[in-house]
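> I'd like to go over a predicted model; first the sequence, then the structure.
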Amino acid sequence: MNDTPLSEQTVVTPADPAQPATGVQPATDATESVGSPTSVEQEHTRRLRRIDEYSQVMRSLPPASMPLAAFLPRPSKTYFASQISGEVIVMLLRKHPITQIPWILLALVLAVIPLFIDPGAILSFLPSNYQIAITISWYAFLLTIILESFLSWYFNVYIITDERVVDVDFDSLIYRNITSAKLENIEDITAEAGGVLQTVFNYGTVIIQTAGAVDRIEFEQVPNPNLLIKLLNELLQEEEQEKIEGRVN
Amino acid sequence: MLATLWVSPLFAASTQSVTNGSVADSNNLLLFVFKWTLILVGFLYVLFAFIVVRQIMVMNDTLDTPLGKLLLVFGYVHLFLSILYLLALFLLL
């Protein structure tokens, strides 16, 4: 158990009494605040321990530096819609890049087809200007596939904070679904990884059973599923410890 | 190849019409339909590009990331290219 005095647990810039409180932007690190934290938030921050203090997993992982990665510990300059002030994003996950190979290969094949097969030979029954228009349309269609597939992969994320787990789903370009569950409502965590690819590239599905309205949240095809289970267990233990010690928010 | 097999007989059949006038008319009709189908596709593509820009904005509101602004720029570039594509169709066809 950590007996570090409260005054040594966090580093928070005190609010300047001369400045009116304008609200606090969500912070990505429990030790930093942007703007002028209120006294309640300062108290909240003082009560909580830094993630590194109780999580061996997070101590072993350097902060994410590559924004296009699928496994992002402590991502910087990243916030999500329902993030509450003081809530720290511990991990941001996407599907493993290997799962995007099918559409990447499809795009490459579609891109090189007009180079190997003369459109003029196939479309000889059309005037040349129509052939050019169809070729341009072909690449417009290809760009559509690439853009939609990339956006779908980039913005469909799974977030672990020090308070909850969040699943952000954009099923299509026009349908959005955000599901979250508090850590204290998590009842069971399971990792599934089957098949050659998942074993070789170390990715799988983490299934989180919860006691809330949503009984199940799945982190599909994410990297390092076993490490995530360990991290979630550490977070759950810390939640229990906070309750015991009266350090709850 | 398959496109050639199933489309070209339509043109071949049209060339076997009795009079020269009807041959030209049926060719022109097919090209007319083809042209305006492509232009309709162009309009739908511009509409799609606009929806993509709008959706990137929604996605950025939902999840604010370091690449969010860059993706929005890409979205606007894509919208611009889609308008160019539509103009190209009008010019070519």
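Perfect, I can see it now. Numbering: from 1, shown residues only, chains lettered A, B, ... in the order given.

> Show me the strands in chain A, by range?
Ranges of strands in chain A, per DSSP state E, are A:71-73, A:79-80, A:89-93, A:157-161, A:164-172, A:175-182, A:186-192, A:203-210, A:216-223.

> Check the ones you listed for me and report the most buried one.
Per residue and on average, the most neighbours among these fall to strand A:89-93, with a mean of 26 (mean count of other Cβ atoms under 10 Å in any protein chain shown). Placement of C-beta: from N, CA and C, glycine included.

> for that one, packing partners?
Applying 3 or more Cβ pairs under 8 Å, 6 or more residues apart in numbering or on different chains; DSSP states H and E, we find strand A:89-93 packed against strand A:71-73, strand A:157-161, strand A:216-223, helix A:225-245.

> Parallel or antiparallel, which strands does it pair with?
Strand A:89-93 has the following sheet partners, assigned by DSSP bridges: strand A:71-73 (antiparallel), strand A:157-161 (antiparallel).

> between that strand and strand A:203-210, how many degrees?
130 degrees (axes from the mean of the first three to the mean of the last three Cα atoms, to 10 degrees).

> Can you tell me which residues in chain A are near chain B?
Of all the residues in chain A, those in contact range of chain B (Cβ under 8 Å from any Cβ of the partner chain) are A:67-68, A:75-81, A:122-127, A:129-130, A:132-134, A:136-137, A:140, A:143-144, A:147-148, A:151, A:154-155, A:157, A:168, A:170, A:173-174, A:176, A:178.

> same thing but at 7 Å, please
Applying Cβ under 7 Å from any Cβ of the partner chain, we find that chain A lies next to chain B at A:67, A:77-81, A:122, A:125, A:129-130, A:132-133, A:136-137, A:140, A:143-144, A:147, A:151, A:155, A:157, A:168, A:170, A:173-174, A:176, A:178.

> ok, for A:Trp153, nearest residue in space, not its chain neighbours?
Closest residue to A:Trp153 in three dimensions, ignoring its sequence neighbours and counting by Cβ to Cβ, 6 or more residues apart in numbering or on different chains: A:Gln100, at 5.6 Å.

> Distance of the closest residue to B:Thr62 other than its chain neighbours relative to A:Ile132?
Counting by Cβ to Cβ, 6+ apart, A:Ala81 is the residue found nearest to B:Thr62 once chain neighbours are left out, at 4.8 Å. Counting by Cβ to Cβ, to the nearest Å, the gap from A:Ala81 to A:Ile132 is 44 Å.

> more neighbours, these two?
In terms of neighbours (other Cβ atoms under 10 Å in any protein chain shown), A:Ile132 is the more surrounded of A:Ala81 and A:Ile132; the figures are 18 against 14.

> Near the closest residue to the more buried one other than its chain neighbours, how many residues? Count them for me, please.
Distances taken as Cβ to Cβ, 6+ apart place B:Leu92 nearest to A:Ile132, at 5.8 Å, with adjacent residues excluded. In terms of burial, B:Leu92 registers 17 neighbours under the definition other Cβ under 10 Å.

> can you pull the pLDDT of B:Leu92?
B:Leu92 is assigned a predicted lDDT (pLDDT) of 86.

> That one contacts A:Ser128, correct?
No. With contact defined as Cβ atoms under 7 Å, B:Leu92 does not reach A:Ser128; the gap is 9.4 Å.

> in the longest helix anywhere in chain A, what's buried?
Looking only at chain A and at elements set by DSSP state H, the helix with the highest residue count is helix A:128-155. Taking 16 or more other Cβ atoms under 10 Å in any protein chain shown as the neighbour-count basis, helix A:128-155 is seen to contain the buried residues A:130-134, A:136-137, A:140, A:142-144, A:147-155.
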